[in-house]
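Asker: make a model of this:
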Amino acid sequence: MHIEKIEYGPEKEGSWSQAAFILIILLTLVAVGITGVIIWEIVSTEPSAASERSFIENIGVLLASLLFVLGGIIYLYVKGLLRDEYVTTLE
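Answerer: Numbering: from 1, shown residues only. You can find the predicted model right below:
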């Protein structure tokens, strides 16, 4: 199998593309906020409190939330904004 060329589909247009763009912007702001909270908690917490289970669980929940938001951003980018690709092959 030999790849001859990759053709790109049309630009994504319509209400879904616009909604995806707006959601990406909002989720990016949420990700920035969560990152700021994580950094603030790590910097401002006393070392004795930072070794407690509740602090570690709280940071873990924030990191999981951040991962979920980043996954949503990637999904919306791929499904809502990225153009489709068509691969033409010779066999």
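
Asker: what stretches of the protein score poorly on pLDDT?
Answerer: When residues are selected by pLDDT under 70, those of the chain lie in 1-4, 86-91.

Asker: run through the helices of it in chain order.
Answerer: Assigned by DSSP state H, the helices in the chain fall at 15-44, 47-50, 53-76.

Asker: and those helices as a markdown table, adding distance to Glu7 and mean neighbour count?
Answerer: For glycine as for every other residue, the C-beta is placed from the backbone atoms N, C-alpha and C. Below are the helices of the chain laid out as a markdown table (distance: least, CB to CB, whole Å; neighbours: other CB atoms under 10 Å):
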| stretch | distance to Glu7 | mean neighbour count |
| --- | --- | --- |
| helix 15-44 | 20 | 13 |
| helix 47-50 | 54 | 9 |
| helix 53-76 | 23 | 13 |
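
Asker: CSV for the ones you listed, including distance to Lys5?
Answerer: What follows is those, written out as CSV (distance: least, CB to CB, whole Å):
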stretch, distance to Lys5
helix 15-44, 25
helix 47-50, 55
helix 53-76, 26
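
Asker: nearest to Arg83, out of those helices?
Answerer: With distances scored as CB to CB, the stretch of the helices of the chain nearest to Arg83 is helix 15-44 (10.4 Å).

Asker: quick one: the closest one to helix 53-76, angle?
Answerer: 160 degrees (axes from the mean of the first three to the mean of the last three CA atoms, to 10 degrees).

Asker: next one: helix 15-44 to chain centre, how far?
Answerer: Centroid separation for helix 15-44 versus its chain: 9 Å, with CA atoms, centre = their mean, to the nearest Å.
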